[in-house]
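Peer 1: Fold the following, please.
(2 chains)
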Protein chains: 2
Amino acid sequence: MSTANEPGRSVASRLLQVMFSFDAEHDRLSLAELTRMTGMPHATVRRLAQELLSAGVLEQTEDRRFVVGLRLWELGTMSPRSMPLRSAALPFMEDLHAALRQHVQLAVLEGLEAVIVERISAPTALGLVSQVGGRLPLHSSGVGKVLLAHGGAELFGQVTATGLRAYTPSTITDPARLRADLAECRRAGFAVVREETSPDAHSVAVPVFGPEGNVMAALSVVFAAGTANLNAIVPALVAAGRGVSRRMGGDRSIKGPTPPPWRTG
Amino acid sequence: MSTANEPGRSVASRLLQVMFSFDAEHDRLSLAELTRMTGMPHATVRRLAQELLSAGVLEQTEDRRFVVGLRLWELGTMSPRSMPLRSAALPFMEDLHAALRQHVQLAVLEGLEAVIVERISAPTALGLVSQVGGRLPLHSSGVGKVLLAHGGAELFGQVTATGLRAYTPSTITDPARLRADLAECRRAGFAVVREETSPDAHSVAVPVFGPEGNVMAALSVVFAAGTANLNAIVPALVAAGRGVSRRMGGDRSIKGPTPPPWRTG
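Peer 2: Presented below is the predicted three-dimensional model:
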């Protein structure tokens, strides 16, 4: 094991490259496929794959293809950004799902996208392409807008710098309009998205506050146009967002109702 | 990056050792702690941790400690032994939880233990030490007994070889008695455990069959002594186990009811 024949690359980075070859579209890979995807010599890939098998990071199926191993899944559950949040949110998500019979999603910010860390699907509701571990755009999804609205100026600059992709005719692609939309989301305490990521899919999303007053996640309800009433969804979702925030220690950041005049005067 | 100073260890295996230093008891580690736990030189650990940070496998908290990163969690969701099973089982687990108001657990075999891949907790039910990503012994837990009962002679040999630890006075520590208990579990189609892992905790567990007729998981209900009736739990749990098996393509392996005599005669 030496890097002498590839001076620019460390063994560690090559091992990580083999690991991260796996994704939703490539969840079962043969040695030949791994070799092609990484562009490394066959013998190197075989040796690295063997190390990953020994550690349980990868497992091998009966047809000799590699899949992500349960040991890696176990290690992933240690991420403080997934499991504690997920445990706190799940009971509220179940209640929302029972009350509304629509998809309920929980997402966090990762890079310039929203990653879905939990989802409860309604079998009779809208077909969704997204799944747990999947990603959604920040500028066009409900959870994305909530995370972007509370992500600060730097994140907004990065997201708009490369242009805002139009997923549907309704996607907001003008940065100035998006900025106004996000300001409204912060003011109202929730985001409403109408067919901006997929045709026919609407969503409503609210922030989950953490102990430092930061927005650590977003919770959303996704539904087909015409199957649900915003007036029915918003209060239940706002209440659930506050409930999860309270469980995560973000009580102080929860916006209260507008105080009556005799208290502010 | 060279292994010359530690000829017996590859860089890859050292990187994996740093990664797997994290577990439920060690989920936030400083560089000094990682150095102590791995026994590697400080400079090596720092360089490997930097590689892991760059890849998103680790993240750094504000106090400079390392935690498992969301990117690793995402990669873990690609494990075919967790997410597809979990998605298939969750609706049935929710229904069981709603009907029984007790903890519902889903576990798979990993090494010589059962790993909990999903759990729905009843807030008012028994306090549990186990959690998602946590492990349970094969010889004394409900899910463990189901997995062990269907795991073959080699697994039974490995589990009994090092002695059966007595977690409570009720734990079965005699291999011959355990073997008879597992045979009964296979015959009945479910396992019943009474305070064999923790005092006051009972559980009932059933197998989940996969497409090759293998037992790919076990589903259980865990409850405090005196809070639930076995007669109420078993039928609901058996039905749920069959439902999840059907979703996983394990229909043919589901044991039907004993046929009436006029059909077998």
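
Peer 1: Now do the strands in the stretch 51-200 of chain A.
Peer 2: Here the stretch 51-200 of chain A has its strands, by DSSP state E, counting those that start in this stretch, at A:58-60, A:66-68, A:103-110, A:113-120, A:135-137, A:191-194.

Peer 1: Buried residues, the last one. List them.
Peer 2: Same thing as strand A:191-194. Neighbour-count burial for strand A:191-194, counted by 16 or more other C-beta atoms under 10 Å in any protein chain shown, picks out A:191-193. (C-beta placed from N, C-alpha, C; glycine too.)

Peer 1: what sits opposite A:Ala224 in the beta ladder?
Peer 2: A:Ala201 (DSSP bridges).

Peer 1: what's around it, how many residues?
Peer 2: Other residues within reach of A:Ala224 by the criterion other C-beta atoms under 10 Å in any protein chain shown amount to 16.

Peer 1: That one contacts A:Ala201, correct?
Peer 2: Yes - A:Ala224 lies in contact with A:Ala201 (C-beta atoms under 8 Å); the separation is 6.7 Å.

Peer 1: By mean pLDDT, flag the weakest helix or strand of chain A.
Peer 2: Ranked by mean pLDDT, DSSP states H and E, the weakest helix or strand in chain A is helix A:261-264, scoring a mean of 38.

Peer 1: what pairs with A:Phe209 across the strands?
Peer 2: Following DSSP bridges, A:Phe209 is listed with bridge partners A:Val215.

Peer 1: Please list all residues in contact with A:Leu31.
Peer 2: Taking C-beta atoms under 8 Å, 6 or more residues apart in numbering or on different chains as the definition of contact, the neighbours of A:Leu31 are A:42, A:45-46, A:49, A:64, A:66.

Peer 1: hmm, I was thinking of A:Glu196
Peer 2: Taking C-beta under 8 Å, 6+ apart as the criterion, A:Glu196 is in contact with A:140-141, A:167-168, A:170-172.

Peer 1: roughly how far apart are A:Ser198 and A:Arg101?
Peer 2: Distance, A:Ser198 to A:Arg101, using C-beta to C-beta, to the nearest Å: 19 Å.

Peer 1: again with A:Ser203
Peer 2: For A:Ser203, the distance to A:Arg101 - C-beta to C-beta - is 15 Å.

Peer 1: Same question for A:Asp95.
Peer 2: Counting by C-beta to C-beta, the gap from A:Asp95 to A:Arg101 is 12 Å.

Peer 1: again, but for A:Val57
Peer 2: To A:Arg101, A:Val57 is 39 Å away according to C-beta to C-beta.

Peer 1: Who has more neighbours out of these two?
Peer 2: Comparing A:Val57 with A:Arg101 by other C-beta under 10 Å, the one with more neighbours is A:Val57, at 28 against 14.

Peer 1: Give me the phi and psi for that one.
Peer 2: As for A:Val57, its main-chain torsions (degrees, to the nearest 10) stand at phi -70, psi -40.

Peer 1: Just give the nearest non-adjacent residue to it, would you?
Peer 2: Using C-beta to C-beta, 6 or more residues apart in numbering or on different chains and skipping the chain neighbours, the partner closest in space to A:Val57 is A:Leu72 (4.7 Å).

Peer 1: The one you found contacts A:Gly56, doesn't it?
Peer 2: Yes - the criterion here is C-beta under 8 Å, and A:Leu72 meets it with A:Gly56 at 7.0 Å.

Peer 1: So which of those two has more stuff around it?
Peer 2: Between A:Leu72 and A:Gly56, counted using other C-beta under 10 Å, A:Leu72 has the larger neighbour count: 27 against 18.

Peer 1: wait, does stretch A:232-245 contact chain B?
Peer 2: No - judged by C-beta under 8 Å from any C-beta of the partner chain, stretch A:232-245 stays clear of chain B, getting no closer than 12.6 Å.

Peer 1: What lies in contact with that stretch?
Peer 2: Around stretch A:232-245, the neighbours that count as contacts under C-beta under 8 Å, 6+ apart are A:85, A:88-89, A:92-93, A:95-96, A:99-100, A:102, A:189-190, A:204-210, A:217, A:219-221, A:223, A:251, A:253-254.

Peer 1: ok, now which ones touch the closest residue in space to A:Leu52 that isn't next to it in sequence?
Peer 2: In space, not counting the residues next to it along the chain, A:Leu52 is nearest to A:Leu58; the distance is 4.3 Å by C-beta to C-beta, 6+ apart. Contacts were defined as C-beta under 8 Å, 6+ apart; by that measure A:Leu58 touches A:19, A:49, A:52, A:66-69, A:72.

Peer 1: repeat for A:Gly144
Peer 2: A:Gly144 is in contact with A:107, A:113-114, A:136-138, A:218, counting by C-beta under 8 Å, 6+ apart.

Peer 1: where does it land on pLDDT?
Peer 2: With respect to pLDDT, A:Gly144 scores 97.

Peer 1: quick one: A:Gln17 is in a strand?
Peer 2: No - going by DSSP: H, G, I helix; E, B strand; the rest coil, the assignment for A:Gln17 is helix, not a strand.

Peer 1: I'd like to know how many residues surround the residue lying closest to it once chain neighbours are set aside.
Peer 2: Nearest non-adjacent residue to A:Gln17, counting by C-beta to C-beta, 6+ apart: A:Thr38, 5.4 Å away. Each residue near A:Thr38 was counted by other C-beta under 10 Å, and the total is 16.

Peer 1: which of the contacts of A:Leu58 sit farthest apart?
Peer 2: When these are compared pair by pair using C-beta to C-beta, the farthest-apart members prove to be A:Ala49 and A:Leu72, with a separation of 13.5 Å.
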